[in-house]
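# with the sequence up front, the predicted model follows.
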Amino acid sequence: MLSKIVEPDEVLRRIRDGSVIAVSGFNMIATPAYLLNKLYDSYLISGHPKNLFIIAETCPGTPGKGLDLVGKKMIESKDYDFLRGVLIPFYGWVPNIAKLVESNIIEGYNWPIGIVSHWFREVAAGRPGVLTKVGLGSMFDPRYGGGLINGLAEERKTCRVDLVIIGEEEYLMYKCPKPNVALIRGTTADEIGNISMEHEGALLNVLAIVQSAKACPEKGITIAQVKRLARAGSICPRNVHVPAPLVDYVVVAPETLDFHGQTDNILYDPTISGEIIPPEKTLRSSVLQLSVRKVIARRIALELASLVASLGRPILVNFGIGIPANVTSVIAEEGIDEFIYTTVESGPFGGVALTGSDFGASKGYFAVVPMADMFTNYEGGIIDAASLGFMQVDESGNVNPAFLPGRMPGAGGFPVIAFGAPNLYFAGEFTAGERKIEVSGNTLKIIKDGNVIKFVKKVYKIVYSGDYSVKKGQKVLFVTERAVFKLGDKGIELAEVAPDIDIEKEILAKMEFKPRIPSNVEYMSKELFSEKPMNLRGLINEALRR
């Protein structure tokens with residue numbers, strides 16, 4: 001029996017200069033950080049491999065770890081020959097790589113997570129790329145930038161997005177060179193190379209990444225990082241995630257937070273792997289204190305409860321980071337969590353999602369699927385609703401969630417989720433900057449307003465196209481603490497206003513455009529601003545009894 005268990009130095013020097021390397025990882029979840037570190041060490045020792053192009057499924061690292069550590073060392077040494085470019089959906093947790101891209105030292109590309117997830121499968125099947133409507137009218141459309149985020153990318157176009165017309169309908173084709181190396185991570189490898197993922201925080205796209213590298217015309221190699229070994233054939237067949245014939249080499253990594261933690265800050269927690277399902281009471285978040293953020297979260301929860309009532313069944317949803325993540329606390333407080341199934345992009349259904357750099361992992365979930373399958377739920381509108389944050393909204397309903405000059409976090413999962421959700425509720429405070437807004441006495445009092453306007457004439461980057469949304473017929477709301485807007489065929493319309501808010505002084509004066517204002521603008525419910533729960537369970541129960 002030929003052993004596939006090798007020392008990292010032995011195998012990484014086999015990677016050729018100029019290789020295209022596909023890398024697994026969602027922050028530090030299933031990120032082969034040890035392999036990335038040793039790959040760069042090999043370059044430092046011998047000068048090879050160099051001129052590498054990395055395609056990441058999400059963001060393989062966090063500050064000072066994984067790919068970000070490689071970027072940090074490149075900047076410190078001022079030697080930039082190791083990498084020639086990267087395609088990364090989210091740069092927010094790899095600031096050193098972002099700096100290399102922003103400085104135009106390496107090529108930088110940004111596609112949505114869901115597109116990259118499906119791209120690995122398409123390339124593995126021998127197809128040219130991902131054909132989709134996701135991104136039309138946005139920064140991924142070649143008419144608006146094509147996901148090229150620096151000068152080198154615009155010059156070389158190693159990855160590109162083409163506009164394709166089929167039957168008079170527009171589509172985008174996302175294309176990039178096929179990987180010839182896959183760097184992946186699992187938990188256990190047996191002696192012949194079967195890989196299981198029983199302790200990993202999510203399944204992600206590990207199998208598809210391997211298949212994309214192994215496919216013709218150039219059959220590449222797979223190097224798997226694991227933390228432990230087992231006898232040949234001893235892993236339960238149903239637990240094998242990557243079969244041995246697809247794995248060329250196995251490297252055992254030290255089980256440390258730097259190289260093989262379950263998440264960025266957790267070495268191993270059996271409630272994250274699903275080995276233990278924690279008692280429900282340990283998962284319940286504390287009740288949110290009444291605040292502007294809770295008002296917004298409550299308004300989203302009210303919308304979701306109304307959707308459950310109208311459909312007469314539980315609903316499937318996704319919540320973004322920031323204020324949308326607070327909706328889960330309101331749902332629990334209102335006792336309606338049994339009617340609302342949550343999902344996380346990385347693959348879990350249900351449970352409680354971790355936050356910050358541990359995002360992507362969950363506790364107490366009832367199912368987990370590969371990430372591409374989760375994004376099928378989003379892109380295809382299988383989910384019923386989503387709530388996402390926003391940084392800028394313009395008069396056409398275009399949304400920019402994060403991009404500013406000098407700030408390039410990447411689009412992440414946002415574009416695909418926003419594209420597919422039939423009911424979409426953007427959530428955010430009305431202004432930004434230093435502000436003081438009090439919630440008491442069933443109303444809102446603005447003592448000091450923020451000086452940063454978020455409802456702008458034109459967003460800096462179109463990550464979500466309002467015009468395309470209108471064509472699709474999505475229901476779209478923009479929920480803030482003082483007003484609720486809806487998107488219609490004539491743009492943004494003011495739908496609700498908080499009690500005691502002056503529309504002219506406290507809304508219109510803080511916008512760069514004037515929304516449509518119908519004669520029947522409603523008031524936001526006073527229950528949103530009350531210390532007492534809103535009795536959303538009663539709303540649902542009454543509807544279900546009809």
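On my side now, so go ahead.

# tell me the mean pLDDT for stretch 284-301?
Stretch 284-301 comes out with an average pLDDT of 92.

# look up how far Gln211 lies from the spatially closest residue to Lys214 that is not a sequence neighbour.
Of all residues not flanking Lys214 in the chain, Leu246 sits nearest, at 5.7 Å (CB to CB, 6 or more residues apart in numbering). In short, each C-beta sits where N, CA and C put it, glycine included. In this view, Leu246 and Gln211 are 7 Å apart by CB to CB, to the nearest Å.

# these two: who's more crowded?
When neighbours are counted by other CB atoms under 10 Å, Leu246 and Gln211 differ, and Gln211 comes out ahead with 21 against 18.

# report all helices and strands that the helix or strand containing the more buried one contacts.
For Gln211, the element it lies in under DSSP states H and E is helix 206-214. Judged by 3 or more CB pairs under 8 Å, 6 or more residues apart in numbering; DSSP states H and E, helix 206-214 is in contact with strand 20-23, helix 113-124, strand 181-185, strand 221-226, strand 240-242.

# and the fourth one with strand 181-185, angle?
In this structure, strand 221-226 runs at an angle of 10 degrees to strand 181-185, with axes from the mean of the first three to the mean of the last three CA atoms, to 10 degrees as the basis.

# which SSE is immediately downstream of strand 221-226?
strand 228-230.

# can you list the strands that that next one pairs with?
Partners of strand 228-230 in the sheet, by DSSP bridges, are strand 188-190 (parallel).

# tell me the most buried of the helices and strands packed on helix 206-214?
Among those, strand 181-185 has the highest mean neighbour count (mean count of other CB atoms under 10 Å), at a mean of 29.

# could you pull up the mean pLDDT of that strand?
The model assigns strand 181-185 a mean pLDDT of 99.

# check stretch 335-355 too.
96.

# buried sites along it?
Neighbour-count burial for stretch 335-355, counted by 16 or more other CB atoms under 10 Å, picks out 336-337, 339-354.

# can you get me the start-to-end distance on that stretch?
Terminal residues of stretch 335-355 lie 22 Å apart, using CA to CA, to the nearest Å.

# got it, and stretch 332-341?
By CA to CA, the extent of stretch 332-341 from end to end equals 12 Å.

# likewise stretch 12-29?
22 Å.

# put the alpha carbons of whichever helix in the chain runs longest into CSV.
Scanning the chain for the helix with the most residues, using DSSP state H, yields helix 292-311. Written as CSV, here are the backbone C-alpha positions of helix 292-311 (Å, rounded to 0.1, in the frame of the first residue of the first chain):
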residue,chain,number,x,y,z
VAL,A,292,-32.5,51.9,17.9
ARG,A,293,-31.1,48.6,16.8
LYS,A,294,-33.9,46.7,18.6
VAL,A,295,-36.6,48.9,17.0
ILE,A,296,-35.2,48.0,13.5
ALA,A,297,-34.9,44.3,14.4
ARG,A,298,-38.5,44.3,15.7
ARG,A,299,-39.8,45.9,12.5
ILE,A,300,-38.1,43.1,10.5
ALA,A,301,-39.5,40.5,12.9
LEU,A,302,-43.0,41.9,12.4
GLU,A,303,-42.6,41.6,8.7
LEU,A,304,-41.5,37.9,9.1
ALA,A,305,-44.4,37.1,11.4
SER,A,306,-46.8,38.6,8.9
LEU,A,307,-45.2,36.5,6.2
VAL,A,308,-45.7,33.3,8.3
ALA,A,309,-49.3,34.3,8.9
SER,A,310,-50.0,35.0,5.2
LEU,A,311,-48.3,31.8,4.0
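
# distance check, the residue nearest the centre of the chain against Ser117.
Centroid check for the chain by CA atoms, centre = their mean gives Gly413 as the closest residue, at 3.2 Å. Counting by CB to CB, the gap from Gly413 to Ser117 is 9 Å.

# please enumerate the shared neighbours of those two.
Phe375 (CB atoms under 8 Å, 6 or more residues apart in numbering).

# ok so, going back, the longest helix of the chain packs against which elements?
Counting contacts by 3+ CB pairs under 8 Å, 6+ apart, helix 292-311 is packed against strand 315-319, helix 323-334, strand 385-389, strand 423-427, strand 436-440, strand 475-479, helix 536-545.

# list the buried residues of that helix.
Across helix 292-311, burial judged by 16+ other CB under 10 Å covers 292-305, 307-309.

# how far away is the spatially closest residue to Arg537 that is not a sequence neighbour from Gly126?
Counting by CB to CB, 6+ apart, Gly335 is the residue found nearest to Arg537 once chain neighbours are left out, at 4.6 Å. Using CB to CB, Gly335 is found at 51 Å from Gly126.

# quick one: low-confidence ranges for the chain?
Filtered on pLDDT under 70, the chain yields the residue ranges 1, 546.

# if we use 80, what do you get?
Counting by pLDDT under 80, the chain has low-confidence residues at 1-2, 281-286, 546.

# domain-wise, how is it divided?
Per the record, the chain has its domains at 8-253, 285-397+417-458+475-545, by automatic domain parsing.

# phi, psi for Ser24 please.
Note on Ser24: backbone dihedrals following degrees, to the nearest 10 are phi -80, psi 160.

# quick one: contacts for the nearest residue to it once chain neighbours are set aside?
Counting by CB to CB, 6+ apart, Ile184 is the residue found nearest to Ser24 once chain neighbours are left out, at 4.5 Å. By CB under 8 Å, 6+ apart, the residues touching Ile184 are 23-24, 30, 32, 195, 206, 209-210, 222-225, 242.

# kindly recompute the last result at 10 Å.
22-25, 30-32, 35, 57, 195, 197, 204-207, 209-210, 213, 222-226, 241-242, 246-247 (CB atoms under 10 Å, 6 or more residues apart in numbering).

# where exactly do the strands run in the stretch 401-546 of the chain?
Applying DSSP state E, counting those that start in this stretch to the stretch 401-546 of the chain gives strands spanning 423-427, 431-432, 436-440, 443-448, 452-453, 455-456, 475-479, 483-488, 491-497, 522-523.

# including distance to Asn96 and mean neighbour count, could those go into TSV?
Shown next, in TSV, are these (distance: least, CB to CB, whole Å; neighbours: other CB atoms under 10 Å):
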stretch	distance to Asn96	mean neighbour count
strand 423-427	31	24
strand 431-432	26	18
strand 436-440	36	15
strand 443-448	37	15
strand 452-453	27	16
strand 455-456	30	21
strand 475-479	34	22
strand 483-488	38	21
strand 491-497	38	20
strand 522-523	49	11
